[in-house]
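**Q** only the shape, not the letters, is given here:
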């Protein structure tokens, strides 16, 4: 049983090839908002409001379906050979850059809604890389911060329902 030590990057440069990926949109991808998904997400994050679980409770509050909890935009449809094995969305997801850094941290996600999302909605998401920058950490060395923006549209109407901005930190 050995211990693997990762050396931190002392130098890292954003290349012209990486910068060329900024603004390029990935393929559209379908996300399904199901009653099971709404319930599972709400349960997984610890929500206890029965509106996320009980259709009768949702109806009593004037809703025609279970509302999607905050930050839940459905499950991406998994298609063997075309989906990312880890995240189920399209391979590359829009804005993928080749950088060679092995570590990954979640840099946070912001979601802005244009309308409430509910069980039964089928959304189409399309992502694009919008920014690349480097920062230096005393413990991790040089890090690459990527920002990706995804626009979600109602697949039936084409209307924008949400925009999401996510950052990833590679080191």
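**A** Yep, it's here. The structure displayed is predicted, hence computed values, not measured ones. Numbers count the residues shown, from 1 in each chain.
**Q** packing partners for the top strand by length along the chain?
**A** Secondary structure of the chain per DSSP state E: the longest strand is strand 122-137. Secondary-structure packing of strand 122-137 (3 or more CB pairs under 8 Å, 6 or more residues apart in numbering; DSSP states H and E): strand 29-32, strand 141-154, strand 160-170. For glycine as for every other residue, the C-beta is placed from the backbone atoms N, C-alpha and C.
**Q** could I get the ones you listed as CSV with mean pLDDT?
**A** Shown next, in CSV, are the helices and strands packed on strand 122-137 (pLDDT from 0 to 100):
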stretch, mean pLDDT
strand 29-32, 96
strand 141-154, 96
strand 160-170, 97
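**Q** need these in CSV with mean neighbour count and distance to residue 117, can you?
**A** Formatted as CSV, these follow (neighbours: other CB atoms under 10 Å; distance: least, CB to CB, whole Å):
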stretch, mean neighbour count, distance to residue 117
strand 29-32, 19, 10
strand 141-154, 19, 8
strand 160-170, 18, 6
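**Q** closest to residue 91 out of the ones you listed?
**A** Nearest of the helices and strands packed on strand 122-137 to residue 91, taken as CB to CB: strand 29-32 at 10.3 Å.
**Q** one step back: out of the helices and strands packed on strand 122-137, flag the one nearest residue 56.
**A** Nearest to residue 56 among the helices and strands packed on strand 122-137 is strand 29-32 (22.8 Å), distances taken as CB to CB.
**Q** ok, then the element right after that closest one?
**A** Per DSSP states H and E, the first helix or strand lying C-terminal to strand 29-32 is helix 35-45.
**Q** helix or strand right after that following helix?
**A** Past helix 35-45, the next helix or strand by DSSP H and E is helix 55-60.
**Q** that following helix: how far from the chain's middle?
**A** Taking CA atoms, centre = their mean, to the nearest Å, one finds helix 55-60 lying 29 Å from the centre of the chain it belongs to.
**Q** sweet, I'm off.
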